[in-house]
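J.: just need the structure, nothing else, for what follows:
(one chain, ligands or ions: 1)
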Amino acid sequence: MRHVAIVGSGPAGYYTAETLQKADDIAVDVIDRLPVPYGLIRTGVAPDHQSIKAVSRRYEGVALTDNVRFVGHVAVGTDVTIDELVALYDAVILATGAPNDRPLDIPGADLPGVIGSAAFVGWYNGHPDFAGLNPLLDAPGVAVIGNGNVALDVARILAKTPAEFAGSDIVAHARDALGASAVRHIHILGRRGPHQIAMTPKELGELGHLERASPRVDPADLPPEGDDALLEPGMRKSVTHLRSFAANPVAKPVTIDFDFFAMPIGIEGDGRVQRVIVERTTLDADLRSHGTGETYAIDAGLVISCIGYQTPPIPGVPYEHGRGRFASDDGRILPGLYAVGWARRGPSGTIGTNKPDGARIGEMVIEDIGRGAGKAGRAGLDALLASRDITPVTFRDWRRIEEAEVKAALDGNPREKFTSIEAMLEAIGR
Ligand code: NAP
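T.: So this is what the prediction gives:
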């Protein structure tokens, strides 16, 4: 028997497991710090994007195959080290994603009310690390920094009415706080222009169909229409949405303003954030942004930076600091140690991008480990954890947790997620 450990039970982890489990004589352990699986599907994908979250059924199919096992509530780094895993398994694959925000490095970024998207998204999705965030929703203005899909998710969630969350799995604390929110003006700040956005058309189009909120684009920021012909088709569709927002301004109580060529250079406030200082930019021939010296202020009681994520380093594991990911030769980090998904390539692409990535790393591992080195694998991990008095959460346990979440669901929602590790464990009688 050959033994593989995958650290992280998100999309990259399960797509890799899907390829590995098709090979003969491979036992795969999918290890996660939380007692619940699916990583970004559960705590990253927006709660009102249930069709994307439905891919977890495919991962469930993988998890239920005989040679794949979920080992939940085991923290690699504290409960068991990477070196111990490498000694026990023929291959260890880091599928730990990129859960940390890239730092917003401007004066005032440490003021109360300045948060990163990892925290805000984790909060509305019930990640136990962020359940107590209590974002400041008591002022009309919010600045959302970044021009990617996460900025769109954040702006849309801030703008929706409670009724628009019907059928979603947004957690109760977020639904209640957003329902009572004073937010009326959301500014999405992009340091470059409409042709440089990292937003996809479906997600951008959704902003045009919100109940009480309307997107606004200053026509003066749009490049000549003929220039759109040079864009790839997806990008052209996105820009068409921006053109339509600019051409058809709709008056609704909540506004979502696209501030293009707008680089935040400072955050100010007395004891908490009150305004963001923004410098107008211009682009050079390489499409890099440069400040023009012209500045303006945006009133904001909350600033959410959505400028990308990074993988937390693990002591002893080679790491690329500039890119915020593990250093690997196309997935191979060190003998017996691999990376896949965002931990390998950085935080780019959609959930589906992890499918070919997982397949490739899975095949690479199968080839590299050959017939295996007769390692202890599963039995060895079980003995090690037992010696430390650690009882992992199994997939069967997770299904009991999920059953309890489904049972607690309100108003036709798919589930009401537990937002603390204690509550998850209580559901399985621990
Ligand atoms: P992203 O797509 O990389 O976008 C990051 C944005 O932040 C860019 O607009 C970037 O601008 C801007 N930025 C970076 N540093 C900045 C700074 N110092 N000041 C101001 N702006 C800065 O990242 P993301 O939005 O976090 O998304 C991560 C990945 O998840 C993406 O692949 C995304 O498509 C995916 N995702 C998909 C969905 C979906 O399909 N529904 C939902 C959410 C996320 P520049 O271009 O100027 O660097």
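J.: so G362 makes contact with L20?
T.: Yes: assessed by CB atoms under 8 Å, G362 is found in contact with L20 at 4.8 Å. Using the backbone N, CA and C atoms, a C-beta is placed for each residue, glycine as well.
J.: the ligand contacts on the stretch 51-200 of the chain?
T.: Taking CB under 6 Å from any ligand atom as the contact definition, the stretch 51-200 of the chain meets the ligand at 145-151, 153, 190-192, 196, 198, 200.
J.: mind doing that once more with 8 Å?
T.: The stretch 51-200 of the chain comes close to the ligand at residues 52, 102, 104-106, 117, 145-153, 189-192, 196-200, as judged by CB under 8 Å from any ligand atom.
J.: mind giving me the ChimeraX select for those residues, buried ones only?
T.: Per 16 or more other CB atoms under 10 Å, the buried members of those correspond to this ChimeraX selection:
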select :52,102,104,106,117,145,146,147,148,149,150,151,152,153,189,190,191,192,196,197,198,199,200
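J.: ok, V254 - contacts?
T.: V254 makes contact with A159, V183, R184, H185, I186, L210, R212, A213, S214, according to CB atoms under 8 Å, 6 or more residues apart in numbering.
J.: quick one: the helices in the stretch 301-430 of the chain?
T.: 342-345, 354-369, 377-387, 395-407, 421-426 (DSSP state H, counting those that start in this stretch).
J.: got it, and the stretch 151-300 of the chain?
T.: Under DSSP H, counting those that start in this stretch, the stretch 151-300 of the chain gives helices at 172-179, 201-206, 233-247.
J.: let's have those in CSV, adding mean neighbour count.
T.: Formatted as CSV, the helices of the stretch 151-300 of the chain follow (neighbours: other CB atoms under 10 Å):
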stretch, mean neighbour count
helix 172-179, 16
helix 201-206, 18
helix 233-247, 17
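J.: export these as CSV, with columns for mean pLDDT.
T.: Formatted as CSV, the helices of the stretch 151-300 of the chain follow (pLDDT from 0 to 100):
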stretch, mean pLDDT
helix 172-179, 97
helix 201-206, 97
helix 233-247, 98
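J.: figure out which of those helices is closest to S387.
T.: helix 172-179 (38.0 Å; CB to CB).
J.: next, report how far the closest one is displaced from the centre of its chain.
T.: Centroid separation for helix 172-179 versus its chain: 20 Å, with CA atoms, centre = their mean, to the nearest Å.
J.: and the residue of the stretch 101-250 of the chain nearest the ligand?
T.: Closest to the ligand within the stretch 101-250 of the chain is G148: 2.3 Å, counting by CB to the nearest ligand atom.
J.: which residues does that residue contact?
T.: With CB under 8 Å, 6+ apart, G148 has these contacts: I197, A198, M199, C306, G308.
J.: next one: G308
T.: D101, R102, G146, G148, G324, P347.
J.: please repeat the previous calculation with a cut-off of 6 Å.
T.: R102, P347 (CB atoms under 6 Å, 6 or more residues apart in numbering).
J.: circling back: pick the most buried one from the helices of the stretch 301-430 of the chain.
T.: The highest mean neighbour count among the helices of the stretch 301-430 of the chain, using mean count of other CB atoms under 10 Å, belongs to helix 342-345: a mean of 27.
J.: in the sheet, who's paired with the residue of the stretch 101-250 of the chain closest to the ligand?
T.: Beta-bridge partners recorded for G148 (DSSP bridges): A198.
J.: for it, give its distance to R191.
T.: With the distance defined as CB to CB, to the nearest Å, G148 ends up 12 Å from R191.
J.: cool, G108 as well?
T.: 17 Å.
J.: quick revisit: so which of the helices of the stretch 151-300 of the chain is nearest M263?
T.: helix 233-247 (18.8 Å).
J.: packing partners of that closest one?
T.: When contacts are defined as 3 or more CB pairs under 6 Å, 6 or more residues apart in numbering; DSSP states H and E, helix 233-247 sits against helix 201-206, strand 213-217.
J.: would D129 count as being in a strand?
T.: No: D129 sits outside any strand when classified using DSSP: H, G, I helix; E, B strand; the rest coil, being helix.
J.: okay, it: pLDDT?
T.: With respect to pLDDT, D129 has a value of 97.
J.: chain neighbours aside, what residue packs nearest to it?
T.: Nearest non-adjacent residue to D129, counting by CB to CB, 6 or more residues apart in numbering: G122, 6.0 Å away.
J.: burial measure for the one you found, as a count.
T.: G122: 20 surrounding residues under other CB atoms under 10 Å.
J.: G132 is in contact with that one, correct?
T.: No: with contact defined as CB atoms under 6 Å, G122 does not count as touching G132 (10.7 Å).
J.: re the thing from before, could I get the helices of the stretch 151-300 of the chain as a markdown table with distance to L85?
T.: Below are those laid out as a markdown table (distance: least, CB to CB, whole Å):
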| stretch | distance to L85 |
| --- | --- |
| helix 172-179 | 35 |
| helix 201-206 | 37 |
| helix 233-247 | 39 |
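J.: any idea which of the ones you listed gets closest to V36?
T.: helix 172-179 (17.0 Å).
J.: dump the closest one to CSV, restricted to CA.
T.: Listed next in CSV are the C-alpha coordinates belonging to helix 172-179 (Å, rounded to 0.1, in the frame of the first residue of the first chain):
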residue,chain,number,x,y,z
ALA,A,172,-27.3,34.4,11.3
HIS,A,173,-24.9,36.9,12.9
ALA,A,174,-24.1,38.4,9.5
ARG,A,175,-27.7,38.3,8.3
ASP,A,176,-28.8,40.2,11.4
ALA,A,177,-25.9,42.7,11.4
LEU,A,178,-26.3,43.5,7.6
GLY,A,179,-30.0,43.8,8.1
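J.: what does that helix rub up against?
T.: For helix 172-179, the external contacting residues (CB under 6 Å, 6+ apart) are Y124, L137, P162, F165.
J.: again with stretch 229-241
T.: P194, M199, P201, L204, G205, D228.
J.: other SSEs contacting the strand ranked longest in the chain?
T.: Ranked by residue count and defined by DSSP state E, the top strand of the chain is strand 289-299. On a contact count with 3+ CB pairs under 6 Å, 6+ apart, strand 289-299 meets strand 275-283.
J.: can we see that at 7 Å?
T.: Contacts defined by 3 or more CB pairs under 7 Å, 6 or more residues apart in numbering; DSSP states H and E place strand 289-299 against strand 141-145, strand 275-283.
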